[in-house]
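**Q** got a predicted structure here, sequence first:
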Amino acid sequence: MKFFRDTWLIFARQMQLLLRNPVWVFVGVFQPVMYLLLFAPLLKPALSPLGVTSDAEAYQVFVPGLLVLLAIFGGLFQGFGLIAELRAGVIERSRVTPVSRFALLLGRSLRDVVSLIAQAGIITILALFFDLRVFIGDLLLAYLMLALIALMTSSVSYGVALAVKSEDALAPLMNTVAQPVLLLSGILLPLQFAPGWLEDVAKWNPFSWAVDGTRALFAGDIGNDRVWQGLLIVSVLTVLSVWWAAREFARSVR
Amino acid sequence: MIIETSGLRKSFRSRQGREKKTVEAVRGVDLRVDEGEIFGFLGPNGAGKTTTLRMLATLIVPDGGAATVAGVDLMRDPGEVRRRIGYVAQGGSTWDDSTAREELVLQARLYGIGKSVALERAARALDAFQLSEYADRKCKTYSGGQRRRVDIALGIIHEPRVVFLDEPTTGLDPQSRAHMWDEIRRLRTEGMTVFITTHYLEEADALCDRIAIMDNGEVVAEGTPAALKREISHDVITIGLNGATAEAATLLDSVAFVSRLEKLDTGDGLRLFVDDGATAMPQVLRELERNGVTLKSIELHRPSLDDVFLTKTGRSLREK
Ligand SMILES: Nc1ncnc2c1ncn2[C@@H]1O[C@H](COP(=O)(O)OP(=O)(O)OP(=O)(O)O)[C@@H](O)[C@H]1O
Ligand SMILES: [Mg+2]
């Protein structure tokens, strides 16, 4: 009980601060909309070898990729906020109270999940205007995938932030992680185009499975093996990341 | 005894370039703090004050030694210690975009206090620390002194038995400092034990019931400021005379409270070593007057904590 209460307290506080700063909400929506408007039109011709003939089909491929991208990147860069909190002494102030250490992490990560899902919701609605069509059940399952990814990447980011304690170290670290993850996941273009060796390497990238699964859901193909495989892989990694990051919160270091 | 430590130790490994270095921040600290007193930790930068406080506040695990805080064994049950103490860090603890009231309510709730009680406590703390006027403004708009008061209020919102304040007055102007002293004394009146660190001699002297002087990871002296000063030297009364030096010397030498007496090099005065200068001075005056010796001047020098520090460490604490 105490754990849920503590998590709620941290979450509510973080949400309140987030909403107080509407600039973030604007930035969070503006960029993906630019992708929708300026990048997606390139896609229909580019994807025609895969049998894509309409805008709707192109968006069915592109939107899930974009959402996974947002989940990964949105999460990985949350650590910066935590470093600011460390510097302000807010984390130390929480750590002298009996508050659950796990709640300190989860309250923050859940805020990231909620803001990602809100962002994803706005983008999905906008994409409807471009003839994207998706079943609500499939969509909810896709959002579950996104939520897990955001939970995973943000907790990794928090854990690393607590370990390195400086923006200067966090930025290159996160970029180094993010770049191969991005290139090897088929987020922007499906890996069907890739040469065989690249596809083999990408098999080792969990996010590649997540993207495939999310795409299958957006295509209404809920029975596709990639769906449960993606969800399973992401769930396991999320549990591990959250467990590791919670330990970082519990460790008593300056 | 609300805090008792023995042999508390902590060292840090840090890296400088390729070399790894070990800093022995705290090397065996023994302390006893009584319930309801203001206990001061006086020492220069890097003495290990913060490190000791952070160990007692369960933020870092000691390398060795033992401690009981508020009746709980620090090593065995840090969680229970956490519930019984408050801690205010040296560097501040408020978030720019939050208001003082929000911070106070959240902090109370993190200690497990229900919402309505938390709101009440926050309002009371804001009032007590004269913050009500700014309570709903963002912390980034506060002055340094106002922000520091919020920090202290945060540390005591759950009414702990002991509160650790790490340099509560550093960076405050003299007036805000005096205010802060009043706040701290008020906490003592409410029955709280206050453990502060400081590098201000006057603060240790004026505010603290007892102090420990720390240097280089060790406690070099512990006691009431008055006792510490008395221990190292007597109060010194210097009198200036127009002649009759020898006569005055014989007169005063036979007075009980003068423990030692010497003539000034200039020959026109005496130096008297006494236990308590304040009560000795009028008696010296009376004695000389009764015997018709006229005084030119009289001056009292009482040893300061800096003299204590100098005696114990060979260095002066006062920045030159
Ligand atoms: N996390 C750490 N890693 C490495 N060294 C540390 C760490 N924390 C403290 N130290 C070192 O331990 C020593 C004691 O530091 P501490 O902060 O306890 O001093 P202090 O008495 O509080 O000083 P100040 O008056 O400047 O606050 C210093 O030499 C400091 O550099
Ligand atoms: Mg310090």
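**A** Sure, I can see it. Ligands and ions are numbered 1, 2, ... in the order given.
**Q** who's B:Arg15 bridged to?
**A** Counting by DSSP bridges, B:Arg15 forms beta bridges with B:Lys20.
**Q** pretty sure it is touching B:Lys21, no?
**A** Yes - B:Arg15 is in contact with B:Lys21 according to CB atoms under 8 Å; the separation is 7.4 Å. All C-beta spots, glycine's among them, are computed from the backbone N, C-alpha and C.
**Q** please save the CA atoms from stretch B:275-293 in PDB.
**A** Written as PDB, here are the backbone C-alpha positions of stretch B:275-293 (Å, rounded to 0.1, in the frame of the first residue of the first chain):
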ATOM      1  CA  ASP B 275      38.900  32.600  35.600                       C
ATOM      2  CA  ASP B 276      36.000  34.800  34.900                       C
ATOM      3  CA  GLY B 277      36.900  38.200  33.700                       C
ATOM      4  CA  ALA B 278      33.400  39.600  33.800                       C
ATOM      5  CA  THR B 279      33.000  39.200  37.600                       C
ATOM      6  CA  ALA B 280      36.700  39.900  38.300                       C
ATOM      7  CA  MET B 281      36.800  43.300  36.600                       C
ATOM      8  CA  PRO B 282      34.500  45.200  39.100                       C
ATOM      9  CA  GLN B 283      36.400  43.600  42.000                       C
ATOM     10  CA  VAL B 284      39.700  44.700  40.600                       C
ATOM     11  CA  LEU B 285      38.400  48.200  40.300                       C
ATOM     12  CA  ARG B 286      37.000  48.300  43.800                       C
ATOM     13  CA  GLU B 287      40.200  46.900  45.300                       C
ATOM     14  CA  LEU B 288      42.400  49.400  43.600                       C
ATOM     15  CA  GLU B 289      40.100  52.300  44.400                       C
ATOM     16  CA  ARG B 290      39.900  51.400  48.100                       C
ATOM     17  CA  ASN B 291      43.600  51.600  48.300                       C
ATOM     18  CA  GLY B 292      43.900  54.900  46.400                       C
ATOM     19  CA  VAL B 293      45.500  53.600  43.200                       C
END
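**Q** flag every buried residue along it.
**A** Neighbour-count burial for stretch B:275-293 flags B:277, B:280-281, B:284, B:287-288, B:293 (criterion: 16 or more other CB atoms under 10 Å in any protein chain shown).
**Q** swap in stretch B:237-245?
**A** Buried residues in stretch B:237-245, counted by 16+ other CB under 10 Å: B:237, B:239, B:241, B:245.
**Q** what about the helices in the stretch 101-250 of chain A?
**A** Per DSSP state H, counting those that start in this stretch, the stretch 101-250 of chain A carries helices over the ranges A:101-128, A:136-164, A:167-183, A:196-202, A:206-218, A:225-250.
**Q** now these as TSV including distance to A:Arg13, mean neighbour count and mean pLDDT?
**A** TSV is the format used below for the helices of the stretch 101-250 of chain A (distance: least, CB to CB, whole Å; neighbours: other CB atoms under 10 Å in any protein chain shown; pLDDT from 0 to 100):
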stretch	distance to A:Arg13	mean neighbour count	mean pLDDT
helix A:101-128	7	20	93
helix A:136-164	15	22	95
helix A:167-183	22	14	87
helix A:196-202	39	13	81
helix A:206-218	30	25	91
helix A:225-250	16	18	94
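**Q** indicate which one of those is closest to chain B.
**A** Nearest of the helices of the stretch 101-250 of chain A to chain B, taken as CB to the nearest CB: helix A:101-128 at 9.2 Å.
**Q** packing partners for the closest one?
**A** Helices and strands touching helix A:101-128, as assessed by 3 or more CB pairs under 8 Å, 6 or more residues apart in numbering or on different chains; DSSP states H and E, comprise helix A:2-20, helix A:22-34, helix A:55-76, helix A:90-95, helix A:136-164, helix A:225-250.
**Q** spell out which residues of the stretch 151-300 of chain B are next to chain A.
**A** By the rule CB under 8 Å from any CB of the partner chain, the part of the stretch 151-300 of chain B lying against chain A is B:154, B:158.
**Q** nearest to A:Val96 among the buried residues of stretch B:237-245?
**A** B:Ile237 (48.6 Å; CB to CB).
**Q** what sits against that closest one?
**A** Applying CB atoms under 8 Å, 6 or more residues apart in numbering or on different chains to B:Ile237 gives the contacts B:271-272, B:274, B:277, B:280-281, B:284, B:298-301.
**Q** so which of the helices of the stretch 101-250 of chain A comes closest to ligand 1?
**A** helix A:136-164 (13.4 Å; CB to the nearest ligand atom).
**Q** got the angle for the closest one vs helix A:101-128?
**A** Here the directions of helix A:136-164 and helix A:101-128 differ by 140 degrees (axes from the mean of the first three to the mean of the last three CA atoms, to 10 degrees).
**Q** so does helix A:136-164 get close to chain B?
**A** No - applying CB under 8 Å from any CB, one finds helix A:136-164 separated from chain B by no less than 13.3 Å.
**Q** make JSON lines from the helices of the stretch 101-250 of chain A and add distance to B:Glu133 to it.
**A** Converted to JSON lines, these look like this (distance: least, CB to CB, whole Å):
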{"stretch": "helix A:101-128", "distance to B:Glu133": "31"}
{"stretch": "helix A:136-164", "distance to B:Glu133": "36"}
{"stretch": "helix A:167-183", "distance to B:Glu133": "35"}
{"stretch": "helix A:196-202", "distance to B:Glu133": "60"}
{"stretch": "helix A:206-218", "distance to B:Glu133": "52"}
{"stretch": "helix A:225-250", "distance to B:Glu133": "36"}
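**Q** so what's B:Arg260 closest to, chain neighbours aside?
**A** By the measure of CB to CB, 6 or more residues apart in numbering or on different chains, the closest residue to B:Arg260 outside its immediate chain neighbours is B:Phe273, 4.2 Å from it.
**Q** that neighbour should be in a strand, yeah?
**A** Yes - counting by DSSP: H, G, I helix; E, B strand; the rest coil, one finds B:Phe273 located in a strand.
**Q** beta partners of it?
**A** Listed by DSSP bridges, the beta-bridge partners for B:Phe273 are B:Val236, B:Arg260.
**Q** neighbours of it, how many?
**A** B:Phe273 has 17 neighbours, counted by other CB atoms under 10 Å in any protein chain shown.
**Q** contacts only, for it.
**A** Going by CB under 8 Å, 6+ apart, B:Phe273 touches B:234-236, B:258-261.
**Q** and it, how close does it get to B:Phe309?
**A** 21 Å (CB to CB, to the nearest Å).
**Q** buried ones among the contacts of B:Phe273?
**A** B:234-236, B:258, B:261.
**Q** can you lay out the helices and strands packed on helix A:101-128 as a markdown table showing distance to B:Arg210?
**A** Listed next are the helices and strands packed on helix A:101-128 as a markdown table, based on distance: least, CB to CB, whole Å:
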| stretch | distance to B:Arg210 |
| --- | --- |
| helix A:2-20 | 37 |
| helix A:22-34 | 50 |
| helix A:55-76 | 51 |
| helix A:90-95 | 27 |
| helix A:136-164 | 37 |
| helix A:225-250 | 35 |
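**Q** closest to B:Glu120 out of these?
**A** Nearest to B:Glu120, of all the helices and strands packed on helix A:101-128, is helix A:2-20, at 17.4 Å by CB to CB.
**Q** picking that back up, a markdown table for the buried residues of stretch B:237-245, including distance to B:Lys138 and pLDDT?
**A** Below are the buried residues of stretch B:237-245 laid out as a markdown table (distance: CB to CB, whole Å; pLDDT from 0 to 100):
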| residue | distance to B:Lys138 | pLDDT |
| --- | --- | --- |
| B:Ile237 | 56 | 89 |
| B:Ile239 | 60 | 90 |
| B:Leu241 | 65 | 88 |
| B:Thr245 | 68 | 85 |
